[in-house]
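> Build the 3D model from these lines:
(one chain, ligands or ions: 1)
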Amino acid sequence: MTSPANGEPVIAVRGLTKVFGERRVVDDFDITVPRGAIYGFLGPNGSGKTTTIRMLCGLLTPDGGEGECLGFDIRKEAERIKEQVGYMTQKFSLYEDLSIRENLDFIARMYRIADRRTRVEQALEDLGLADRASQLAGTLSGGWKQRLALAACLIHDPKLLLLDEPTAGVDPKARRDFWDEIRRLSAQGVTVLVSTHYMDEAVQCDFIAYIAYGKKLIDGPSAEIPEQVGLETWRVEGPDLAALEDRLRTEPGIEQVARFGSVLHVSGTDKAALEATVERLAAEGTHRWRRQVAGLEEAFIYLMAGARDNFARDKPQGAG
Ligand SMILES: Nc1ncnc2c1ncn2[C@@H]1O[C@H](COP(=O)(O)OP(=O)(O)OP(=O)(O)O)[C@@H](O)[C@H]1O
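As a prediction, this is how the structure comes out:
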């Protein structure tokens, strides 16, 4: 069976393009995903993340572009790709009137898994679902539904997981548990591509691509994203931060004020303008100012703040 060797990327596509009507919803998109990586897709609603994911796994035929996923041609060998991909969609798509075990058994039958019963019991154990195996899927909370959905898309041992906003609407504790599971899978060599709107998920990714209006605006290892965004950041602490926060938002050179506990992180892309403002405010002597290395958190807040729902209007505005 063809499969990418260790050093080869699991996904390598170039110029991926999809047009719906007159809209180019994915535009000349390149992406390379190394084996075992957790790769995050960030971007506003409607920026083309789902469409890209669907083209990568052979569910949608691109109008332009080429490449391989899991060593198979995304245009000509879509069926082979689907066999080895676990795809978790935004919408819960399992049977609500079947139990957890019955749902997994059904999926295992669809994949014609030889040792079906053992595999289902194993999946129940691995995902911590064994105690609830008889519970109807429709009666599960959001976090448990999502765990079941993950178990279902892992049942055939996929090499690549495509997760489309897997934790939307799930509470932070369930989200952390989910991510522990993703890390465990990644450590076993499963490659994960995940789209998200959440900062706490973005910071878990090894690589990030930021997408707006179907175009990839930024991508790279997570640690390099802040530099690419080009934010200069200062931290400030002292009395009455709420009032200071309001004031800072009107000062020149300050594009973002984010609160982290008892400090504010103040950022901008115009270094000189920001420094002039900081110097002036620091001279007042009421607050302590210190230069701060911009992290992924600041970069993420900056990117998402600039983003609006794509295609909500005809003309692009404020992308990224
Ligand atoms: N089958 C389709 N026919 C026509 N337009 C479509 C189709 N599928 C998606 N679109 C449009 O393409 C654009 C990109 O949608 P897509 O779902 O890929 O974005 P997304 O980044 O995943 O958004 P979200 O974060 O909201 O899921 C949207 O404007 C959407 O309405």
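> And for the lowest-mean-pLDDT helix or strand in the chain, what's in contact with it?
Counting by mean pLDDT, DSSP states H and E, the chain has its least confident helix or strand at helix 296-306, which shows a mean of 81. For helix 296-306, the external contacting residues (C-beta atoms under 8 Å, 6 or more residues apart in numbering) are 42, 44, 197, 199, 202-203, 208, 210, 218, 222-223, 225-226, 228-229, 231, 233, 255-256, 258, 260, 265, 267, 318-320. To be clear about C-beta, it is placed using only N, CA and C from the backbone, and glycine gets the same treatment.
> cool, stretch 89-107 as well?
Here stretch 89-107 has contacts from 50, 116-117, 120, 123-124, 129, 132-138, 140, 145-146, 148-149, 151-152, 155, 164-165, 168, using C-beta under 8 Å, 6+ apart.
> Buried only: go through those residues for me.
50, 116, 120, 123-124, 129, 132-133, 137, 140, 145-146, 148-149, 151-152, 155, 164-165 (16 or more other C-beta atoms under 10 Å).
> near the ligand, from those?
residue 50 (C-beta under 6 Å from any ligand atom).
> The buried ones among the contacts of stretch 89-107 in helices, which ones?
Mapping the buried ones among the contacts of stretch 89-107 onto helices (DSSP state H) picks out 50, 116, 120, 123, 124, 145, 146, 148, 149, 151, 152.
> how about the nearest residue to the fifth one, chain neighbours excluded?
When the adjacent residues along the chain are set aside, residue 124 lies closest to residue 130, with 4.4 Å between them (C-beta to C-beta, 6 or more residues apart in numbering).
> Run a quick neighbour tally on that neighbour.
Applying other C-beta atoms under 10 Å, we find 14 residues neighbouring residue 130.
> mind checking the SS state of residue 76?
Following DSSP: H, G, I helix; E, B strand; the rest coil, the label given to residue 76 is coil.
> What segments of the stretch 151-300 of the chain are helices?
Per DSSP state H, counting those that start in this stretch, the stretch 151-300 of the chain carries helices over the ranges 172-187, 199-202, 225-229, 241-248, 271-282, 296-306.
> Show me what the nearest residue to residue 241 once chain neighbours are set aside is bridged to.
Among residues not flanking residue 241 along the chain, residue 264 sits closest, at 5.8 Å (C-beta to C-beta, 6+ apart). Note on residue 264: beta-bridge partners residue 236, residue 259, judged by DSSP bridges.
> so residue 264 makes contact with residue 240?
No. Under the criterion of C-beta atoms under 8 Å, residue 264 makes no contact with residue 240, lying 11.3 Å away.
> Low-confidence regions, the stretch 201-320 of the chain specifically.
By pLDDT under 70, the low-scoring segments of the stretch 201-320 of the chain are 307-320.
> still on that earlier bit, wait, doesn't the residue nearest to residue 124 sit right on residue 122?
No. The pair residue 130 and residue 122 does not pass the contact test of C-beta under 8 Å, sitting 9.9 Å apart.
> okay, and the common contacts of those two?
Contacts common to residue 130 and residue 122, judged by C-beta under 8 Å, 6+ apart, are absent.
> Run through the strands of the stretch 51-200 of the chain in chain order.
Using DSSP state E, counting those that start in this stretch, the strands of the stretch 51-200 of the chain run over residues 64-69, 72-73, 85-88, 160-164, 191-196.
> can I see the domain layout of the protein?
Using automatic domain parsing, the domain parsing of the chain gives 11-226, 232-293.
> Endpoints of the longest one, how far apart?
Start to finish, the residues bounding domain 11-226 are 24 Å apart (C-alpha to C-alpha, to the nearest Å).
> With stretch 34-45 instead?
For stretch 34-45, the end-to-end distance is 26 Å (C-alpha to C-alpha).
> now do stretch 117-137
19 Å.
> Give me the contact list for it.
The contact list for stretch 117-137 (C-beta under 8 Å, 6+ apart) reads 94-101, 103-105, 108, 113, 140, 144-145, 147-148, 150-151, 154-155, 181.
> which among the residues you listed end up buried?
94, 99-101, 103-105, 108, 113, 140, 144-145, 147-148, 150-151, 154-155, 181.
> And for the closest residue to residue 171 other than its chain neighbours, the neighbour number?
Distances taken as C-beta to C-beta, 6+ apart put residue 143 closest to residue 171, at 6.2 Å, once the chain neighbours are dropped. By other C-beta under 10 Å, 18 other residues sit near residue 143.
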